[in-house]
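Novice: Dropping a prediction and its sequence here:
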Number of protein chains: 2
Amino acid sequence: MSRTTLQQIALSLDISVTTVSKALRSYPDVSKKTIEKVKAAAELLNYKPNTFAVNLRTQESKTIGLVIPEIVHQFFSSVVKGVIEEAEKNGYTVIVLQSSQNTEIEKKRIEFLINKQVDGILIALADDTVEYYHLFEAQAIDLPIVMFDKIGKTVPCSKVIIDDLRAGYEATKHLIDCGCTKIAHFRGPLTSQNSIDRYHGYKKALEEYNLEFDESNVYHCKEMSFEIGKENARKLLNHRNGVDGIFVNTDMIAVGAITELKEHGINIPEDIRIIGFGNWFLSSVITPSLSTVEQPSYTMGKIAFNTLFSELNKHKENQHVEHETIILPTEIIARESTLA
Amino acid sequence: MSRTTLQQIALSLDISVTTVSKALRSYPDVSKKTIEKVKAAAELLNYKPNTFAVNLRTQESKTIGLVIPEIVHQFFSSVVKGVIEEAEKNGYTVIVLQSSQNTEIEKKRIEFLINKQVDGILIALADDTVEYYHLFEAQAIDLPIVMFDKIGKTVPCSKVIIDDLRAGYEATKHLIDCGCTKIAHFRGPLTSQNSIDRYHGYKKALEEYNLEFDESNVYHCKEMSFEIGKENARKLLNHRNGVDGIFVNTDMIAVGAITELKEHGINIPEDIRIIGFGNWFLSSVITPSLSTVEQPSYTMGKIAFNTLFSELNKHKENQHVEHETIILPTEIIARESTLA
DNA sequence: CTGAAAGCGCTTACAG
DNA sequence: CTGAAAGCGCTTACAG
C-alpha cells in the first residue's frame, strides 16, 4: 500500500494539485468550502506529506544536529533529553552524534551534518578542540550554530553555559568555609574552557582568603574517568603536602578519588574534605555522599534548542541574528564529604 | 555560496547530467576517462549530493528510528551509543526518541517515524505496552522493525535480547549458594517481559532448591527508581518474614533498597544479601558494592543495528526476510553485597 | 559509451 | 478563488 499523494487527493476531488496543496495549509486565498473538502479527503485517505519532497522543495529538513563528547554520561544524556523534548514540541528532529572527546572525530561529525543538510547545529566541543575551522565552514554556508557547556570563547555564535569561574570559586570557598586551609585541585584538560575557568575560580578563592597557591597541589586529569580519579588520589597521597581539602573538576573523578583515599585509610571528611562538580546521581549514594556543584543539564538542553530555534526562525525571515550568551545558575550541594 | 549540483559539474565539463551522475557512482557503462574527469571536477567544486533530492528519487532516507523508554539511563544510553556507532559505519543516520515508559507516547513516536519516512525502526518497548497495533501499522507499510531488550513476544520481527529467565534463575541461585534460605524478590512491572521472565527465573530457582515460594515476599516496583527501591525496602522491613536475601529486578532499585536498609541498621550482607540486575556503574562504587547481573548494552545496540541493517538490505533486493531471535549472554558479578 | 527525457511529490510565482 | 507550469536535484529506463 503506497502513500497517498496530493495528486491522488486532487484526482479524487477533481480539483488541481495546487489547490489541494494550498488548502491543506489553509492558505487565505482558498475558499473555506474547498479547504474543508480537501482536509476531509486528506483525512479519509490518511494523507501524510512526503518529507523528501517537502525537504527538496523548501530546502530545509526540520532537522538539527546535536554533537556531544559522550552519550553514556549523566550530564550529556540529560542535555540530549532536554534537546529532543524541546525539538519534538516544535516539529524538529534531532540527529545525535558523539565526538568521543576527539577533535578529529568532531570534524567528521560536523561534515556529516553539513552533508545531511541539517538546518542547524548544537554542539558541546571535544576537550581537545582548539581550532574552529570546521565550525566556520558550517557558518560559511549559513548554518546556525549554538554552543553549550563546552564552548570556544572566540567563536561568533550564541552560547548556553554556566559561570564556571564563579562555580569553581564557590566550590573552593565552600571548602574554606568548612575549615580547609590547604586545598588541592583536580583539574580537567588544559584546553577545556570549563576546566580553565574552574581552575581560575579555585585560584581566585585561595587568593581572596589568603591561602597559599601551590601549583604542585594542582593535579591534571586528562580524562574524566573513575580510574583517573583513583590515579590522581594516589599521586596526591605520595606528596600529601598537608592537603586537607580537594576541589575536583567533575563528580566521576571525585568518586574515584574517594574510593582510592578510603582504600588507603584516609577518613573523609575528617582527614580530607572533597567537593566535586556536576551533581551526578551516584554522588548522592556513595559513602560518604559527595558534596558537589549542581549544574543544569536538562534545562541547558532545552534552552540550547530554543536559542537555536529562534535563530532558525529569524534566519528564515532574513532578520538580523544577534548572538547571545546565556548563563545558567549553579548551586553548591553540601553533603557528608565536606561536613564541617 | 550555494551548493554545487550535478548540473554545474555537467556544464563545466560540457557533458550531460546523466553521465555525471553515473560517473560519480562509477557505473560500468561510463568510460574510465570520463569517470576520472568527472570525479576530479566534483572534488574541485566540492560537490556533495543533495540528500533531499536523493531521498526523493530513491524513496529511502538512510535513516532509522530508535525508540527507547529513557535516555538518561545507563543501560539505554549505552545501547544508543552502540546503535549510533554501527549506523555511522554503514552510512545510516539515527533519530533517537524516548517513550518515557508510556505506551501512548510510544505510539506517537512510531507515527512520527513513519511520517519522517525512516527506513526501519529499532525499539525497546515501554513497560506498559501490551498492544502492538502501532507496530503492525509500520510493518504494514513494509517498515522493518527490530526489537531489543524490552520485547513483545508475539510481534513477528527479529529480536535481540538476553535470557531473562535464566539470568533471574542464576541470580537467585547465587543467593542460595551464598547461604540464603528465605529470598524475597523486587520485581518490575507486571506487563514487562523482562520482569516477568526474571520473576519466573526466581521462582524456578526456589523450586529447584526446595525453598518455599511465598507471594508475599514478592514486591512489586511499578517504576525503576531509587525512591521505589527505598519504599519497597521499607515495606519489606515491616513484614520481614525472616528474609535473608533479595533478588532485585534492576540495580537502581537495589541501590535504593541498600540505602534504606542501611538507614535502618540492617547489615549487608550479614543480615540480608542483595543482588541487583544490569551492572550499572554506580553498583561498583557504593558501599557495600552491589552484586549484580552483567548484561550487554553497547553490544546489544550494535547487534540490533546490524540485524536491522541486514533486513534492510535483503528488503531492497526483494529477498525473503527470516526473523531471528538473538540471545546474548549474561554473567553473575559477585561483590560485597552477597559475600558468603 | 553518452545523453534526452521522465519523474520522484511537493511549493510557489504567476495568470486568469 | 482556482489552476497550469516551472522547478527543487537527483536517478534510471531507454534510445542511439
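Specialist: Yep, that arrived.
Novice: Okay, strands next: where are they in the stretch 101-250 of chain A?
Specialist: Secondary structure of the stretch 101-250 of chain A (DSSP state E, counting those that start in this stretch): strands located at A:120-123, A:145-148, A:158-162, A:183-187, A:218-220, A:245-248.
Novice: Could you dump those strands into a markdown table and include mean neighbour count?
Specialist: Placement of C-beta: from N, CA and C, glycine included. Shown next, in a markdown table, are the strands of the stretch 101-250 of chain A (neighbours: other CB atoms under 10 Å in any protein chain shown):
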| stretch | mean neighbour count |
| --- | --- |
| strand A:120-123 | 27 |
| strand A:145-148 | 26 |
| strand A:158-162 | 23 |
| strand A:183-187 | 26 |
| strand A:218-220 | 17 |
| strand A:245-248 | 29 |
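Novice: Okay, now stretch A:55-62: how far is its last residue from its first?
Specialist: End-to-end distance for stretch A:55-62: 8 Å, by CA to CA, to the nearest Å.
Novice: Same question for stretch A:269-288.
Specialist: 8 Å.
Novice: Is it in proximity to chain B?
Specialist: Yes - using CB under 8 Å from any CB of the partner chain, a contact is recorded between stretch A:269-288 and chain B, made by A:281-282, A:285-287.
Novice: With stretch A:104-124 instead?
Specialist: Yes - Stretch A:104-124 lies within reach of chain B by CB under 8 Å from any CB, at A:112, A:114-117.
Novice: picking that back up, can you pick out the most distant pair from the residues of stretch A:269-288 next to chain B?
Specialist: A:Phe281 and A:Thr287 (14.7 Å; CB to CB).
Novice: circling back: point out the one among the strands of the stretch 101-250 of chain A that comes closest to DNA strand D.
Specialist: Proximity to DNA strand D (CB to the nearest atom of the strand) singles out strand A:120-123 among those, at 19.1 Å.
Novice: what separates that closest one from the chain centre, distance-wise?
Specialist: 10 Å (CA atoms, centre = their mean, to the nearest Å).
Novice: cool, stretch A:173-191 as well?
Specialist: Taking the mean of its C-alpha atoms, stretch A:173-191 sits 25 Å from the chain's own mean (CA atoms, centre = their mean).
Novice: buried residues in it?
Specialist: A:173-176, A:178, A:180, A:182-189 (16 or more other CB atoms under 10 Å in any protein chain shown).
Novice: for stretch A:62-81, same thing?
Specialist: By neighbour count on 16+ other CB under 10 Å, the buried set for stretch A:62-81 is A:62-81.
Novice: and chain A, what are its domains?
Specialist: A:6-49, A:61-162+A:298-331, A:164-294+A:332-338 (automatic domain parsing).
Novice: could you dump the ones you listed to a markdown table with mean pLDDT?
Specialist: Output for these, formatted as a markdown table (pLDDT from 0 to 100):
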| stretch | mean pLDDT |
| --- | --- |
| domain A:6-49 | 91 |
| domain A:61-162+A:298-331 | 95 |
| domain A:164-294+A:332-338 | 96 |
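Novice: Compile these into CSV and extend it with columns for distance to B:Gln8.
Specialist: Formatted as CSV, those follow (distance: least, CB to CB, whole Å):
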stretch, distance to B:Gln8
domain A:6-49, 29
domain A:61-162+A:298-331, 16
domain A:164-294+A:332-338, 40
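Novice: closest one to DNA strand C among those domains?
Specialist: For DNA strand C, the closest of the domains of chain A is domain A:6-49, at 3.3 Å, according to CB to the nearest atom of the strand.
Novice: Close to DNA strand C: what parts of the stretch 51-200 of chain A are there?
Specialist: By CB under 7 Å from any atom of the strand, the residues of the stretch 51-200 of chain A that approach DNA strand C are A:52-54, A:56-58.
Novice: Would you mind writing the ChimeraX command to select the buried ones in these?
Specialist: The following ChimeraX line selects those of these that are buried, judged by 16+ other CB under 10 Å:
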select /A:52,56
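Novice: near DNA strand D, from the residues of the stretch 51-200 of chain A next to DNA strand C?
Specialist: A:53, A:56-57.
Novice: Strands - which of those residues land there?
Specialist: Using DSSP state E, no member of these falls in strands.
Novice: coming back round to it: for A:Ser21, find the nearest of the strands of the stretch 101-250 of chain A.
Specialist: Between A:Ser21 and these, the shortest separation by CB to CB is 26.3 Å, and it involves strand A:120-123.
Novice: now what about the closest one, what contacts it?
Specialist: The list of residues contacting strand A:120-123 from outside it, by CB atoms under 8 Å, 6 or more residues apart in numbering or on different chains, reads A:64-68, A:83, A:106, A:110, A:113, A:135, A:138, A:143-148, A:304-305, A:308, A:311-312.
Novice: Which positions in the helix ranked longest in chain A come out as buried?
Specialist: Counting by DSSP state H, the longest helix found in chain A is helix A:298-316. Buried residues in helix A:298-316, defined by neighbour count with 16+ other CB under 10 Å: A:298, A:300-309, A:311-312, A:315.
Novice: now for it, which elements pack on it?
Specialist: Helices and strands touching helix A:298-316, by 3 or more CB pairs under 8 Å, 6 or more residues apart in numbering or on different chains; DSSP states H and E, are helix A:74-89, strand A:120-123, strand A:145-148, strand A:158-162, strand A:325-328.
Novice: one more time with 6 Å, if that's ok
Specialist: helix A:74-89, strand A:120-123, strand A:145-148, strand A:158-162 (3 or more CB pairs under 6 Å, 6 or more residues apart in numbering or on different chains; DSSP states H and E).
Novice: Redo these as TSV? Include distance to B:Ser291.
Specialist: Shown next, in TSV, are these (distance: least, CB to CB, whole Å):
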stretch	distance to B:Ser291
helix A:74-89	23
strand A:120-123	40
strand A:145-148	38
strand A:158-162	38
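Novice: I'd like to know which of these is closest to A:Ile268.
Specialist: helix A:74-89 (21.6 Å).
Novice: and the angle for that closest one with strand A:158-162?
Specialist: Angle, helix A:74-89 to strand A:158-162, by axes from the mean of the first three to the mean of the last three CA atoms, to 10 degrees: 140 degrees.
Novice: does any part of helix A:74-89 sit near chain B?
Specialist: Yes - using CB under 6 Å from any CB of the partner chain, helix A:74-89 reaches chain B at A:77-78, A:80-81.
Novice: which strands and helices sit next to that helix?
Specialist: strand A:93-98, helix A:298-316.
Novice: show me what contacts the residue in the stretch 201-340 of chain A that DNA strand D sits nearest to?
Specialist: Among all residues of the stretch 201-340 of chain A, A:Lys316 sits closest to DNA strand D, at 16.6 Å; criterion: CB to the nearest atom of the strand. The contact partners of A:Lys316, by CB atoms under 6 Å, 6 or more residues apart in numbering or on different chains, come to none.
Novice: And it, how far from A:Leu135?
Specialist: 21 Å (CB to CB, to the nearest Å).
Novice: count of neighbours near the nearest residue to A:Val248 once chain neighbours are set aside?
Specialist: Residue nearest to A:Val248 in three dimensions, not counting chain neighbours: A:Ala254, with 3.9 Å by CB to CB, 6 or more residues apart in numbering or on different chains. Per other CB atoms under 10 Å in any protein chain shown, the neighbour tally for A:Ala254 reads 29.
Novice: In a helix, A:Ala254, correct?
Specialist: Yes - secondary structure assignment places A:Ala254 in a helix (DSSP: H, G, I helix; E, B strand; the rest coil).
Novice: quick one: it and A:Phe247 touch, right?
Specialist: No - counting by CB atoms under 6 Å, A:Ala254 sits too far from A:Phe247 to count as a contact (9.1 Å).
Novice: from the stretch 101-250 of chain A, which residue is nearest to DNA strand D?
Specialist: In the stretch 101-250 of chain A, the residue found nearest to DNA strand D is A:Gln117; the distance is 9.9 Å by CB to the nearest atom of the strand.
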